[in-house]
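**Q** sequence and computational prediction follow.
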Amino acid sequence: MGIYLNPGNHSFRQSVRSKIYVDKTGLIEHTNECLNTQDRFLCVSRPRRFGKTMALHMLAAYYSIGCDSKELFRGCQIESSPSFEEHRNKYDVIFLNMQQFLIEAKNQSVTEYLEQEVTEELLETFGSCTRNQNTGLAALLRRIYAKTGKQFIFLIDEWDCVMRERQESEAMQKQYLDFLRNLLKDQPYAALVYMTGILPVKKYGEHSALNMFWEYSMTGQKQLEEYTGFTESEVRELCRKFHMDFIETGSWYDGYRFLQFQHIYNPKSVVEAMHCGRLSSYWTSTETYDALKIYMDMDFDGLRQDIVKMLAGGQVRVNTCSFQNDMKHFKTKDDVLTLLIHLGYLGYDAAKTEAFIPNKEIRGEFENAMSTGGWNEIIRILKASEKLLEDTLAGNEQNAAKGLDQAHTEAASILTYNDENSLSCAIGLAYYSARQDYRLIRELPSGRGFADIVFLPLPHTGKPALVIELKYDKSAYAAIQQIKDRHYVQALSGYTGQILLVGISYDRRSKQHSCVIEKAEKDF
């Protein structure tokens, strides 16, 4: 067992023996399919806390020569795969943690230090294959392959740390990418390359130095969706085992959405919540809101408005294609939003090409980032939203209308009322505090149409559901009548608590809101 060559199964054994272990070994079946094919180069990017390193340790335990991991995988998904025995512990694995090399290189070139370290270990095992002890790493691996026919599996962790931590040194970035290209592309000794990071492969213009890689990112995980985080069924089982409320757990950590798996949960936060027996924000253990604030405050036209729309519970269109996959070059607000998707601060709806704030944990990070200045108007709206909700639940129509007027005045510098969609955004922001105890649903299909906004209470809150209809230059009574005529409350047929109907109207001439609140008589 080596440091870089065939590191063994110790790290994965620790994961399996942990109090909480969720089986993601099905990933191995996919990597087995990629072995020695044109698909053998995989770049899997996810945010911090999404199990990237654990997946690499699992692959190292499965493929590494020099250890027998059969018992370690007993009862796991991969054990039932026809390819399980075919490839288990049959390959020489080279495990490279780029963060480690970046830290330890100090004044030395990162790639030079990496070559020095890995070459030294390879020569201990394969020194008889070469007379030239000073050959480069790629040349040494080619000679080993020519002499022995041995292929290697490369597992590369934090591949993008040079892009993230050496943002100003483009020369270093280019040298690093050229090194990886020479080491991996078209090399017969590379049976599989699986590398992880936060960012997808770095692009220069429309092209990439590592264009042989298949990319699996937060904008499209393709076949790896199930292995990106915890799935709905996995979290449901954890909640049952640890006596936690599944719906409330979802409000905190769910929200990452892919084409097939519509509910992906932040795995590290779920694990910490289960361990502690408490739903809270665990994001700040690895991130600070200062990092988010830098990007929120960038001066791109429309960026602040989009952030406010997402805070209000909406989604915004984003073009993810122009992003250069680094943390320095931004040309448009779309580039900033795309980075926030890759960092995990935003979810992404690939079908609609829209971004959104995924859950309560991340909303808290946005609140923290706004609290240090520059977002004073929005902070005042958020603070006032609790009083607005109290007035609404108490049926105080006049005070609720005044609260909406105040929210509109505060948000006027960022949001403009020009149709019912923008009104919906502003109302969602005005009722921001409701999402502590409610799940916000926009355009909920019911009866003969869609309810504009529904607030469905989380379990154990004891609060009524709210069905809200919005009107622009029409009366609030007309909004209430539409809720009744189109039977919007039918959307809550499985809900047994009280329901309030809330009609809200905005008059462009007076620039004032009116509000009507009634208790629903269920018609289902």
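**A** Sure, I can see it.

**Q** now residue 313, what's its secondary structure?
**A** coil (DSSP: H, G, I helix; E, B strand; the rest coil).

**Q** ok, now which ones touch it?
**A** 428, 435, 440, 442 (Cβ atoms under 8 Å, 6 or more residues apart in numbering). C-betas here are computed from N, CA, C, even on glycine.

**Q** count the neighbours of the second one for me.
**A** As a burial measure, residue 435 scores 21 neighbours (other Cβ atoms under 10 Å).

**Q** low pLDDT regions in the stretch 401-524 of the chain?
**A** 418-420, 446-448, 522-524 (pLDDT under 70).

**Q** could you redo the last one with a cut-off of 90?
**A** Scanning the stretch 401-524 of the chain for pLDDT under 90 picks out the ranges 407-428, 441-453, 458-462, 472-473, 485-497, 508-511, 520-524.

**Q** give me the pLDDT value at the spatially closest residue to residue 358 that is not a sequence neighbour.
**A** Once flanking residues are discounted, residue 358 sits nearest to residue 255: 2.6 Å by Cβ to Cβ, 6 or more residues apart in numbering. According to the prediction, residue 255 has pLDDT 94.

**Q** ok, residue 255 touching residue 347?
**A** Yes. With contact defined as Cβ atoms under 8 Å, residue 255 reaches residue 347; the gap is 5.0 Å.

**Q** find residues that contact each of these two.
**A** 356-358.

**Q** out of those residues, who's nearest residue 292?
**A** Distance to residue 292 across these (Cβ to Cβ) is lowest for residue 357, with 11.1 Å.

**Q** ok, how many other residues are close to the closest one?
**A** When counting by other Cβ under 10 Å, one arrives at 23 neighbours for residue 357.

**Q** list the contacts of it.
**A** Residue 357 touches 255, 310-311, 345-347, 363, 366, counting by Cβ under 8 Å, 6+ apart.

**Q** could you pull out the helices for the stretch 401-524 of the chain?
**A** Counting by DSSP state H, counting those that start in this stretch, one finds helices in the stretch 401-524 of the chain at the ranges 420-430, 476-485.

**Q** dump stretch 349-360 to CSV, restricted to CA.
**A** Extracted in CSV, the C-alpha atoms of stretch 349-360 (Å, rounded to 0.1, in the frame of the first residue of the first chain):
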residue,chain,number,x,y,z
ASP,A,349,-33.8,23.5,-13.1
ALA,A,350,-32.2,22.1,-16.3
ALA,A,351,-35.6,21.6,-18.0
LYS,A,352,-36.4,25.3,-17.6
THR,A,353,-32.8,26.6,-17.5
GLU,A,354,-33.7,28.5,-14.3
ALA,A,355,-31.9,29.0,-11.0
PHE,A,356,-33.4,29.3,-7.6
ILE,A,357,-32.5,29.2,-3.9
PRO,A,358,-32.9,25.6,-2.9
ASN,A,359,-33.8,25.5,0.8
LYS,A,360,-33.9,27.1,4.2
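
**Q** any regions of the stretch 151-300 of the chain where pLDDT drops low?
**A** Using pLDDT under 90, the stretch 151-300 of the chain drops low at 165-172, 174, 202-210, 283-292, 299.

**Q** now do the helices in it.
**A** 161-165, 170-184, 232-242, 246-253, 267-276, 289-296.

**Q** nearest to residue 132, out of those?
**A** In terms of Cβ to Cβ, the element of these nearest to residue 132 is helix 170-184, at 17.4 Å.

**Q** what helices or strands is the closest one leaning on?
**A** Secondary-structure packing of helix 170-184 (3 or more Cβ pairs under 8 Å, 6 or more residues apart in numbering; DSSP states H and E): helix 110-126, helix 137-148, helix 161-165.

**Q** and with 10 Å instead?
**A** On a contact count with 3 or more Cβ pairs under 10 Å, 6 or more residues apart in numbering; DSSP states H and E, helix 170-184 meets strand 92-97, helix 98-105, helix 110-126, helix 137-148, strand 152-157, helix 161-165, strand 190-197, strand 203-204.
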